[in-house]
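Q: just need the structure, nothing else, for what follows:
(2 chains)
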Amino acid sequence: NAGVMQNPRHLVRRRGQEARLRCSPMKGHSHVYWYRQLPEEGLKFMVYLQKENIIDESGMPKERFSAEFPKEGPSILRIQQVVRGDSAAYFCASSPLGALTGELFFGEGSRLTVL
Amino acid sequence: AQSVAQPEDQVNVAEGNPLTVKCTYSVSGNPYLFWYVQYPNRGLQFLLKYITGDNLVKGSYGFEAEFNKSQTSFHLKKPSALVSDSALYFCAVRDGSSNTGKLIFGQGTTLQVKP
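A: Numbering: from 1, shown residues only, chains lettered A, B, ... in the order given. Here you go, the predicted structure:
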């Protein structure tokens, strides 16, 4: 049973370009969470999605960032017009029910570097 | 609002000695508590969780944690540290009254086990 798959593992973008990060949850999981880890910092919640629905986006920056989890295909975290401050590791996690008691299963992360 | 505090940025311990990594939390409802470990350039691996029941929970790799409601703490412990335990450890909490399932993470504590 494959775990949470994230790609690309590493992404380099120049300022002003767009970054697209993809996440395929574990088989049978329909709930996806995105977190950001800045250098020397902990994980900050960004957004929680179910299929075709954004449930909680309280951690998303108001501009340039968007997320989706379509009926078919992976969840996408999209960052438009990237700036150097967007350089971070972005982690996706999934759970089977958005379960209130269960742990989240994390992917290996996508490391974005903005030049 | 939910929050987690890990008061130590780094914990140093000699191999074979017991280790403790501290965590305190704040939630409005019943807490669901978790510990994760992160190795360099990797994702987060689940270690253990407290949902209800026995205050002492046992997890992976010989780790355990004790839930203390009066002190709002959930410290991670291991009787005998290994050099391979050296990593970044995160405590996380979910508010039992929340319907989103998201975890709120502490800043992380780097554990360094010296031979």
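Q: residues from chain A in reach of chain B?
A: Applying Cβ under 8 Å from any Cβ of the partner chain, we find that chain A lies next to chain B at A:4, A:31, A:33, A:35, A:41-45, A:48, A:55-56, A:91, A:93, A:95, A:98-101, A:103-109, A:111. All C-beta spots, glycine's among them, are computed from the backbone N, C-alpha and C.
Q: show me how to select, in PyMOL, the buried members of the residues you listed.
A: Filtering these down to the buried ones (16 or more other Cβ atoms under 10 Å in any protein chain shown) takes a single PyMOL command:
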select buried, chain A and resi 4+31+33+35+42+43+45+48+55+56+91+93+95+98+100+103+104+105+106+107+108+109+111
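Q: show me the residues of chain A next to chain B that map onto strands.
A: Counted as lying in strands by DSSP state E, out of the residues of chain A next to chain B, are A:31, A:33, A:35, A:43-45, A:48, A:55-56, A:91, A:93, A:95, A:105-106, A:111.
Q: would you mark the buried spots in the strand or helix carrying residue B:4?
A: Using DSSP states H and E, residue B:4 sits in strand B:3-5. For strand B:3-5, burial by neighbour count (16+ other Cβ under 10 Å) applies to residue B:4.
Q: adjacent strands (with direction) for it?
A: Strands that pair with strand B:3-5, judged by DSSP bridges, come out as strand B:24-26 (antiparallel).
Q: what residues of the partner strand count as buried?
A: Buried residues in strand B:24-26, counted by 16+ other Cβ under 10 Å: B:24-25.
Q: ok, now stretch B:11-24?
A: Of all the residues in stretch B:11-24, those buried under the rule 16+ other Cβ under 10 Å are B:11, B:13, B:19, B:21-24.
Q: of the residues you listed, closest to chain A?
A: residue B:23 (11.9 Å; Cβ to the nearest Cβ).
Q: okay, now the unreliable bits of chain A?
A: A:1, A:97-101 (pLDDT under 70).
Q: ok, for the residue nearest the centre of it, nearest residue in space, not its chain neighbours?
A: The C-alpha lying nearest the average C-alpha coordinate of chain A belongs to residue A:34 (Cα atoms, centre = their mean; 3.5 Å). Closest residue to residue A:34 in three dimensions, ignoring its sequence neighbours and counting by Cβ to Cβ, 6 or more residues apart in numbering or on different chains: residue A:46, at 4.4 Å.
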